[in-house]
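1. sequence unavailable; structure follows:
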Ligand SMILES: [Fe+2]
């Protein structure tokens with residue numbers, strides 16, 4: 001039985017934005033809902049599909065699409081069950097994610113850097129942030145940013161897994177640093193005492209996101 005923690009309960013907000021901590025390695029998943037159209041988007045669905053579907057039902061929504069920050073199993077292991085049940089679901093994944101990190105889905109759509117998606121009645125821009133995986137992406141709808149395993153509160157993604165690259169991740173974090181400091185980001189794991197933070201705070205407290213020369217970053221994260 002998975003431990004499930006609901007960190008946000010913004011049910012009166014528009015859009016609906018829920019963050020769930022599910023599974024054995026503290027994955028953070030997201031539900032974005034649009035009460036006007038009754039549609040729901042799941043970001044990185046994994047570990048407990050019945051629970052996620054019950055949440056969607058709780059808000060009287062219909063699941064129409066899935067956004068994937070990257071293809072690691074702990075972020076996509078809910079896909080087979082979801083597409084078996086809803087074969088027409090649109091599943092969005094970065095175009096550079098290799099085959100071994102690409103889940104099977106009848107309606108898999110590859111995003112490019114800058115692709116604009118819609119969820120919760122607002123636009124979400126795909127910002128490619130490779131390094132943790134080749135096809136990693138963040139979803140940005142100012143002032144909110146979903147970062148997957150690119151940036152954690154006071155940490156960043158590993159680069160030692162197949163397809164990872166520390167120099168590339170350094171460049172991706174530099175891109176995120178150009179977003180406004182008051183951007184609130186929502187990571188792919190809960191590895192800290194907080195489950196979200198602003199980019200401005202992370203420039204102070206995160207050893208990987210501070211003003212850090214590339215060689216120091218590589219010393220810390222691997223060459
Ligand atoms: Fe990952």
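-> Okay, I see it. In this text, all values refer to a predicted model and were calculated from it rather than measured experimentally.
2. can you tell me the element residue 81 falls in?
-> Taking DSSP states H and E as the definition, residue 81 sits inside helix 79-85.
3. and the average pLDDT for that helix is what?
-> Per-residue pLDDT values across helix 79-85 average out to 97.
4. flag every residue of this protein that's near the ion.
-> Residues of the chain lying close to the ion by CB under 5 Å from the ion are 72, 149. Backbone N, C-alpha and C define where each C-beta goes, glycine included.
5. report the central residue of the chain.
-> A centroid search over the chain (CA atoms, centre = their mean) returns residue 148, at 3.3 Å, as the residue closest to the centre.
6. in terms of pLDDT, where does that residue sit?
-> On pLDDT, residue 148 comes in at 98.
7. bridging residues for it?
-> Here residue 148 sits in beta bridges with residue 187, going by DSSP bridges.
8. which residues does it contact?
-> Contacts for residue 148 (CB atoms under 8 Å, 6 or more residues apart in numbering) come out as 44, 69, 70, 75, 129, 132, 136, 137, 138, 157, 187, 188.
9. as JSON lines, the residues you listed with neighbour count and pLDDT would be great.
-> Converted to JSON lines, the contacts of residue 148 look like this (neighbours: other CB atoms under 10 Å; pLDDT from 0 to 100):
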{"residue": "44", "neighbour count": "27", "pLDDT": "98"}
{"residue": "69", "neighbour count": "30", "pLDDT": "98"}
{"residue": "70", "neighbour count": "25", "pLDDT": "98"}
{"residue": "75", "neighbour count": "27", "pLDDT": "98"}
{"residue": "129", "neighbour count": "28", "pLDDT": "98"}
{"residue": "132", "neighbour count": "28", "pLDDT": "98"}
{"residue": "136", "neighbour count": "31", "pLDDT": "98"}
{"residue": "137", "neighbour count": "31", "pLDDT": "98"}
{"residue": "138", "neighbour count": "26", "pLDDT": "98"}
{"residue": "157", "neighbour count": "29", "pLDDT": "97"}
{"residue": "187", "neighbour count": "30", "pLDDT": "98"}
{"residue": "188", "neighbour count": "29", "pLDDT": "98"}
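10. which helix or strand lies directly C-terminal to the worst-scoring helix or strand of the chain on mean pLDDT?
-> Counting by mean pLDDT, DSSP states H and E, the chain has its least confident helix or strand at strand 4-6, which shows a mean of 56. Moving toward the C-terminus from strand 4-6, the next helix or strand (DSSP H and E) is strand 16-22.
11. which elements pack onto that next one?
-> strand 4-6, strand 27-34, helix 49-58 (3 or more CB pairs under 8 Å, 6 or more residues apart in numbering; DSSP states H and E).
12. contacts for the longest one?
-> Residues from elsewhere that reach helix 49-58, judged by CB under 8 Å, 6+ apart: 2, 4, 18, 20, 22, 29, 31, 33, 40, 42, 45, 62-63, 78, 81-82.
13. run the last query once more with 7 Å
-> Applying CB atoms under 7 Å, 6 or more residues apart in numbering, the external contacts of helix 49-58 come out as 4, 18, 31, 40, 42, 45, 63, 78, 81, 82.
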